[in-house]
Each structure stands twice: as structure tokens, then as C-alpha cells.
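> The following comprises the amino acid sequence and a computationally predicted model.
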Amino acid sequence: MDNMTPVQFAWNEFANSTHVLFEVQPDDRPLDQFIDFRNSVLDGVEADKFLVDLDNEWRSTLANQPDIENALLLELQAFPKAIEVAKATKDTEESPKGFRNRWLSRAATVAGSVKDICKENTYARLALTLFEELCRLFKRSE
């Protein structure tokens, strides 16, 4: 998508940074059955239709609330940077599951914040619900 708005660009960066969290897990082969679901959800939250709807919801809900808009944008922008730092400084004592679980929880929190600005049954809100569910499916107890 050309000429992305700030929220579209920030969301796109956020979504791209989460891909590492949804990799196939060799020690959890039943999770492979959700790969098509994973691909569908990630395609949905990266599609132009989603980005357009997200921008419309963003503008209509936050039009007169620049402080809230700024805070949500900062939350979206922080995640990709934070996950890069976490990958670079990952404690060798931490299990891969622990790392993934922590960041899946954080990704779901960020997506939930964005979802809160969307009206019921919009494409963006429904896609964000599926994204949160994807995070829960890939998060496992150790």
C-alpha cells in the first residue's frame, strides 16, 4: 500500500515484527494444524482492506483526542523496536518458550489496545480479535 498513514505504517511494522512469534514448534506438532489459520489471520491484518478500515476507525474515534492517539501510536511503534532488542539481548538461560510466551502476551496487549478504538463488527475489529486468538493459540505453558 502506497502512502500509508502513520497508524497504517506503525501497524504494518508491528504485524511484521510478530511473525517470529508464530513459527512452527518442533516440540508441539499438533500446533501445525493451525498453520493455515495463522497464515489467514496474518494475511488479514496485513491486507489493504484491514489497513483502510483501521485508518477509518482510528480517525473517527480519535479525531479530537490527540493525546490518546499519540499514546496508542507510541505503543504500536515501540513493539517492533522492543522485540528487536529482546532478540539481541535474550538471556541464554531463558527457554525459547518463555521468550515466545512473553512476547505473544505483549503482542496481544498491543492488538487489544488498537481493537478498543474500533466499533463492533468492523473488519478491523474482527481481524484484531482473530489476531488476539492466534496469540493465545501459539502461547503455551512451559
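That came in fine, so what should we check first? Residues are numbered from 1 along each chain as shown.

> the bottom helix or strand of this structure by mean pLDDT?
In the chain, no helix or strand scores lower on mean pLDDT, DSSP states H and E than helix 96-115, which sits at a mean of 93.

> Give me the packing partners of it, helices and strands only.
If you count contacts as 3 or more CB pairs under 8 Å, 6 or more residues apart in numbering; DSSP states H and E, helix 96-115 packs onto helix 6-18, helix 66-88, helix 123-138. Glycine gets a C-beta too; all of them are placed from N, C-alpha and C.

> could you dump it to CSV, C-alpha only?
Provided in CSV are the C-alpha atoms of helix 96-115 (Å, rounded to 0.1, in the frame of the first residue of the first chain):
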residue,chain,number,x,y,z
PRO,A,96,12.5,-20.3,23.8
LYS,A,97,9.0,-21.0,25.0
GLY,A,98,9.4,-18.4,27.8
PHE,A,99,10.6,-15.8,25.3
ARG,A,100,7.8,-16.5,22.8
ASN,A,101,5.1,-16.6,25.5
ARG,A,102,6.1,-13.3,27.0
TRP,A,103,6.1,-11.6,23.6
LEU,A,104,2.9,-13.2,22.5
SER,A,105,1.2,-11.8,25.6
ARG,A,106,2.6,-8.4,24.8
ALA,A,107,1.5,-8.6,21.1
ALA,A,108,-2.0,-9.5,22.2
THR,A,109,-2.0,-6.5,24.6
VAL,A,110,-0.9,-4.1,21.8
ALA,A,111,-3.5,-5.5,19.4
GLY,A,112,-6.2,-5.2,22.2
SER,A,113,-5.4,-1.6,22.6
VAL,A,114,-5.9,-0.9,18.9
LYS,A,115,-9.0,-3.1,18.9
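
> what's the closest non-adjacent residue to residue 8?
Leaving aside its chain neighbours, residue 8 sits nearest to residue 51 (4.5 Å; criterion: CB to CB, 6 or more residues apart in numbering).

> Which helix or strand contains the one you found?
Per DSSP states H and E, residue 51 falls inside helix 48-62.

> That helix packs against which elements?
Where contact means 3+ CB pairs under 8 Å, 6+ apart, helix 48-62 is packed against helix 6-18, helix 66-88, helix 123-138.
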